[in-house]
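> What would the 3D arrangement of this be:
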Amino acid sequence: MSDMSNETADPSGAPAPTEPAEPTTRTTPAQSCSPSQSPSSAASTPHTRATLPASRTPSQSERKKCTASALDNALPEEGWRKVHRISPVLNTWQFFAALVAFLAYQGTGVISELLDSDVISHTPGLHIVGYILGAIALFSVLVGVYSYCAWKRTAYALTDEAVWYRSGIIFRVQRHARLEKIQAVDIVQPLLGRIFGLGKVTIEVAGGSHSNLEFGYLKTETLHNLRAEILALAAGVTSGSASAALARQAREAAAEAPDVDLGEQVAASDSIGTGAPAPEAQENEVFRVPSGRLIASLFMSVGLIISFLVFLAAMIGMIALILTEGLAGVSGFIPIIVGILPIGSVVWSRFAGAFDFRAGISASGIRIRKGLTSTRSQTIPPRRVHSVRITQPFLWRTKDWYRVTVSMAGYAGNSSNGSEMADASYVLLPVGTREEAELAVWMVIQDLGVDDPLALIHDGLHGDNRSSSRYFVPNPERSKVMDPIVWRRRGSALTERVMAVRDGRVTHTLTIMPYERFQSVSIYQGPWLRRRKLAVVNPKLVNGQAPIAAHHLDLEFATTMVATLMERGRLRRDHEPPERWMRRVAQSVSDPKVAEQIEHSANAYEDSPEDVSPAAGADTDAPPAASAPAAGALPAAGSDER
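Sure, this is the predicted structure:
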């Protein structure tokens, strides 16, 4: 409800004329629960207001009535759009399947008793079939009535301020995501939805997984049009503008907005006006993960091999006991087998989440498509990546394979779409060659701040404290007692642009963080660390799979590191326009044809109409981009853009 004021509001919303005050009477204001004045409302049209007298505290029933009015009148009814009619069934099929299974399990005893009784023998078979068909028909009618009522109450809407979603039959829920808070808009198609050609829209909002918005199901074409419309609105594009202005603002959206898909049609919306097409943005695939390599990488895991050996030993022992003692000895192996099952779940999640993994370059960022049972179309603008981690498990060294993950603004590990999609949202390369890993880093880190980036990457992945390094400072020998296994690998580097930390004895890791990305930094020293003059430096980042921390450093070096991070973190880098980013990436692509296509896309994007002023915060006098290395190399120092 809105706050009380000293004016009386009439139905038109204009303040009433002020009467001369009398000693015994005074006009009291009307307390409005109008959704147009509510903090959660984004509507711009006048609505009918439910008012309560401000001279007394409203009762609970009046509050509920006021809240219901706010939910019903938050937007005009013609501004709401319906989801697909089958959506309620697809959203609740698991519940109905579980209910049927529960009733079938509970009714097994009843059915057995009926079969053994005289009721069945004296009942004609046609009647029994009729009873069964009647029960199925009744259940279908109940499901149909529920689905229709749920469909009538489920809708979404777009305004120039927010994306709205409402649902619920008895308990009504209305949520919204403000456009300026939107970090990403992804398209998710679960297995059952793919059968019907349907999917969901997932809107990632700054503020954690509980603030994200997901709704559907919608047809595939509608999904892409809606995604483009949301992103155009989030970038400040109004649907009635001229095509030239739209083209220029769409360009700015790719650089400033989190996820703008320029190659899709902006759909029409009753609430915001007539849609207009966005300019075409070509997507150029830069690498694809073959299924054979993905499967081989999953089996080349120390944990999986150990689990398989334990499982094999348990099976051999169980078979031996069955042959000698019968089934009585099997019960002892059941806990072992049950304990190994989660390993299979993890392997399946990683396989399903990274199946058919493809990464491409477009003006809106890195376009990723992946998934087996549930497919996801995801766009990662480089400016939203806060850190990157390169990982090489022990057995992968024989193949020279690497995995690249990121910490990224907007994703909070929401697993509502399946666990395989939750972790996969942070994966930039599930398994790839050295060249592909370098390209993945080059796509999201503009400048490593050194004259020999390849040496930095090599020392971070394969160097240790027994050999000298140009960039990494090894942990002191007195930290061996704290890290008897990984001490040899632990080291940190501070370049002109990034902080890098190497770690891991069995699984080598290298984590890279640009200085401007950390949110805060802490230094920790417990009693044992104080005694040995050691400390832990922990820069705070957004959620993701590439956290960074420097463990058990020399105290003096740790203090210097914190001071350096605080000083260089204040330097705001100039932003890198999409066309300059695409040209920089093109210089590192090994395939000349793909590099030429990316260069062509960058030129076409740069030549698009520029009839409106640049976006707020953009630096029109930014220096030229850093010269990218040849294919297979990483960037050289000298770039000054963000």
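
> So, low pLDDT: which residues of the stretch 201-350 of the chain?
206-211, 235-282, 326-334, 336-337, 339-340 (pLDDT under 70).

> For it, which segments are assigned as strands?
Under the criterion DSSP state E, counting those that start in this stretch, strands of the stretch 201-350 of the chain are mapped to 213-219, 284-288.

> Can you spell out which helices and strands pack onto the lengthiest helix in the chain?
For the chain, the helix with the greatest residue count under DSSP state H is helix 125-153. With contacts taken as 3 or more C-beta pairs under 8 Å, 6 or more residues apart in numbering; DSSP states H and E, helix 125-153 sits against helix 87-106, strand 162-167. In short, each C-beta sits where N, CA and C put it, glycine included.

> now the helix or strand that the last one is followed by against strand 213-219, angle please.
So the one you mean is strand 162-167. Once the chain leaves strand 162-167, the next helix or strand it forms, by DSSP states H and E, is strand 173-178. Here strand 173-178 points in a direction 100 degrees away from that of strand 213-219 (axes from the mean of the first three to the mean of the last three C-alpha atoms, to 10 degrees).

> Going along the chain, name the strands of the stretch 501-642 of the chain.
Going by DSSP E, counting those that start in this stretch, the stretch 501-642 of the chain shows strands at 508-514, 520-524, 534-540, 550-554.

> Pipe those strands into a markdown table and attach mean neighbour count, mean pLDDT and distance to residue 172 per row.
Formatted as a markdown table, the strands of the stretch 501-642 of the chain follow (neighbours: other C-beta atoms under 10 Å; pLDDT from 0 to 100; distance: least, C-beta to C-beta, whole Å):
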| stretch | mean neighbour count | mean pLDDT | distance to residue 172 |
| --- | --- | --- | --- |
| strand 508-514 | 23 | 94 | 44 |
| strand 520-524 | 13 | 90 | 40 |
| strand 534-540 | 20 | 93 | 38 |
| strand 550-554 | 23 | 93 | 50 |
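
> closest one to residue 100 among those?
strand 508-514 (46.9 Å; C-beta to C-beta).

> Sheet partners, orientation included, of that closest one?
When sheet partners are counted by DSSP bridges, strand 508-514 sits next to strand 385-392 (antiparallel), strand 498-503 (antiparallel).

> Show me the contact partners of it.
386-392, 441, 445-446, 448, 457, 460-462, 489, 497-503, 539, 541, 546-548, 573 (C-beta atoms under 8 Å, 6 or more residues apart in numbering).

> ok, back up a step: I'd like the strands paired with strand 508-514 laid out as JSON lines, including mean pLDDT and distance to residue 303.
Formatted as JSON lines, the strands paired with strand 508-514 follow (pLDDT from 0 to 100; distance: least, C-beta to C-beta, whole Å):
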{"stretch": "strand 385-392", "mean pLDDT": "93", "distance to residue 303": "14"}
{"stretch": "strand 498-503", "mean pLDDT": "94", "distance to residue 303": "18"}
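
> Same list, the ones you listed, but as a markdown table with distance to residue 338 and mean neighbour count please.
Listed next are the strands paired with strand 508-514 as a markdown table, based on distance: least, C-beta to C-beta, whole Å; neighbours: other C-beta atoms under 10 Å:
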| stretch | distance to residue 338 | mean neighbour count |
| --- | --- | --- |
| strand 385-392 | 29 | 24 |
| strand 498-503 | 33 | 25 |
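
> Would you mind giving those strands as TSV with distance to residue 297 added?
Formatted as TSV, the strands paired with strand 508-514 follow (distance: least, C-beta to C-beta, whole Å):
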stretch	distance to residue 297
strand 385-392	11
strand 498-503	21
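
> right, and residue 189 touches residue 200 too?
Yes. Applying C-beta atoms under 8 Å, one finds residue 189 in contact with residue 200, separated by 7.5 Å.

> follow-up on the earlier one: tell me the most buried of the helices and strands packed on helix 125-153?
Stretch with highest mean neighbour count among the helices and strands packed on helix 125-153: strand 162-167 (a mean of 23; mean count of other C-beta atoms under 10 Å).

> Partner strands of that strand, with direction?
Counting by DSSP bridges, strand 162-167 is paired with strand 155-158 (antiparallel), strand 173-178 (antiparallel).

> Single out the most deeply packed of those.
Compared across the strands paired with strand 162-167, strand 155-158 shows the largest average neighbour count, a mean of 22 (mean count of other C-beta under 10 Å).

> What's the mean pLDDT across that one?
Averaged across strand 155-158, the pLDDT comes to 90.

> about what we covered before: now render the strands of the stretch 501-642 of the chain as a markdown table, adding distance to residue 478.
Formatted as a markdown table, those follow (distance: least, C-beta to C-beta, whole Å):
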| stretch | distance to residue 478 |
| --- | --- |
| strand 508-514 | 23 |
| strand 520-524 | 17 |
| strand 534-540 | 7 |
| strand 550-554 | 8 |
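
> wait, which of those is closest to residue 470?
Of all the strands of the stretch 501-642 of the chain, strand 508-514 sits nearest to residue 470, with 15.0 Å by C-beta to C-beta.

> got the angle between the closest one and strand 550-554?
With the same axes, to 10 degrees defining the directions, strand 508-514 sits at 90 degrees from strand 550-554.

> Could you look up the SS state of residue 407?
The three-state assignment at residue 407 reads strand, by DSSP: H, G, I helix; E, B strand; the rest coil.

> May I have the predicted confidence score for it?
pLDDT for residue 407: 87.

> burial of it, as a residue count?
Residue 407 is flanked by 23 other residues according to other C-beta atoms under 10 Å.

> contacting residues for the closest residue in space to it that isn't next to it in sequence?
The spatially closest residue to residue 407, leaving aside those adjacent along the chain, is residue 544, at 2.7 Å (C-beta to C-beta, 6 or more residues apart in numbering). Contacts for residue 544 (C-beta under 8 Å, 6+ apart) come out as 386, 387, 405, 406, 407, 408, 411, 426.

> let's see 10 Å
Contacts for residue 544 (C-beta atoms under 10 Å, 6 or more residues apart in numbering) come out as 385-389, 405-409, 411-413, 425-426.

> with these in mind, which one is nearest to residue 507?
Looking at the contacts of residue 544 and their distance to residue 507, the nearest is residue 389, at 11.1 Å (C-beta to C-beta).

> Identify the bridge partners of the closest one.
Under DSSP bridges, the beta-bridge partners of residue 389 are residue 405, residue 511.

> measure it to residue 316 for me?
Residue 389 is 39 Å from residue 316, where distance means C-beta to C-beta, to the nearest Å.

> for residue 161, same thing?
In terms of C-beta to C-beta, residue 161 sits 65 Å off from residue 316.

> And for residue 199?
As judged by C-beta to C-beta, residue 199 and residue 316 stand 46 Å apart.

> So for these two, which sits in the more crowded spot?
residue 199 (26 against 10).

> ok, that one - contacts?
With contacts defined as C-beta under 10 Å, 6+ apart, the neighbours of residue 199 are 84, 186-190, 193, 216-220, 222-224, 374-377.

> With residue 166 instead?
For residue 166, the contacting residues are 71-72, 74-75, 80, 153-157, 172-176, 215, by C-beta under 10 Å, 6+ apart.
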